[in-house]
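In: let's see this in three dimensions:
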Amino acid sequence: MYLTSISFSYFLLGVSIACIAAYLYFRLLFTKTSPESNSRDKIIGQMKDPETWRLKNKQVSNVCMFWFIVSILIYASIKFLFSIQLIPIVYLLIYVVLMLLSFIFSLRVKGKASI
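Out: Sure, this is the predicted structure:
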């Protein structure tokens, strides 16, 4: 099966918009739960391990920023540098699998992780 380059590029644009929104959300959570923040107690509450939770939020925000940059670069290159062509759907599947694997591995924090 094949996709047109236009549909693949707009898929990447949608992914990049979702990734930047997720980046802003997780970065805001990380910032608002810093020790000097006034809203720390409202957000964390009676959480068992807030530091590991904060580290996971930071790691997910970094992964989201990475995929935002990758998606925008691929979108721009497909949209502006290449003519309309057919792209094998395998590229879309590889892209989605790599994204999912990066999110899964970023959430596997054991103990104290270095920042």
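
In: so for the strand or helix carrying Ile87, mean pLDDT?
Out: When secondary structure is defined using DSSP states H and E, the element that contains Ile87 is strand 86-88. Per-residue pLDDT over strand 86-88 has a mean of 91.

In: again, but for stretch 27-42
Out: Stretch 27-42 shows an average pLDDT of 80 in the prediction.

In: and that stretch, how far out from the chain middle?
Out: Centroid separation for stretch 27-42 versus its chain: 21 Å, with C-alpha atoms, centre = their mean, to the nearest Å.

In: which positions within it qualify as buried?
Out: Going by neighbour count (16 or more other C-beta atoms under 10 Å), the buried part of stretch 27-42 is 27, 29-30, 33. Just so you know, the C-beta spots here come from the backbone N, C-alpha and C atoms, and that holds for glycine as well.

In: what's the straight distance from one end of it to the other?
Out: 17 Å (C-alpha to C-alpha, to the nearest Å).

In: what does the helix or strand bottoming out on mean pLDDT in the chain contact?
Out: None of the helices or strands of the chain scores lower by mean pLDDT, DSSP states H and E than helix 40-44, at a mean of 74. Applying C-beta atoms under 8 Å, 6 or more residues apart in numbering, the set of residues contacting helix 40-44 from outside is 29, 32-34, 50, 53.

In: distance of Val60 from Ile78?
Out: With distances taken as C-beta to C-beta, to the nearest Å, Val60 is found 26 Å from Ile78.

In: for Gly14, that is, sorry about that
Out: Plainly put, Gly14 is 13 Å away from Ile78 if you go by C-beta to C-beta.

In: of the two, which one has the most company?
Out: Ile78 (19 against 12; other C-beta atoms under 10 Å).

In: report the separation between that one and Ser102.
Out: Here the criterion is C-beta to C-beta. By it, Ile78 lies 21 Å from Ser102.
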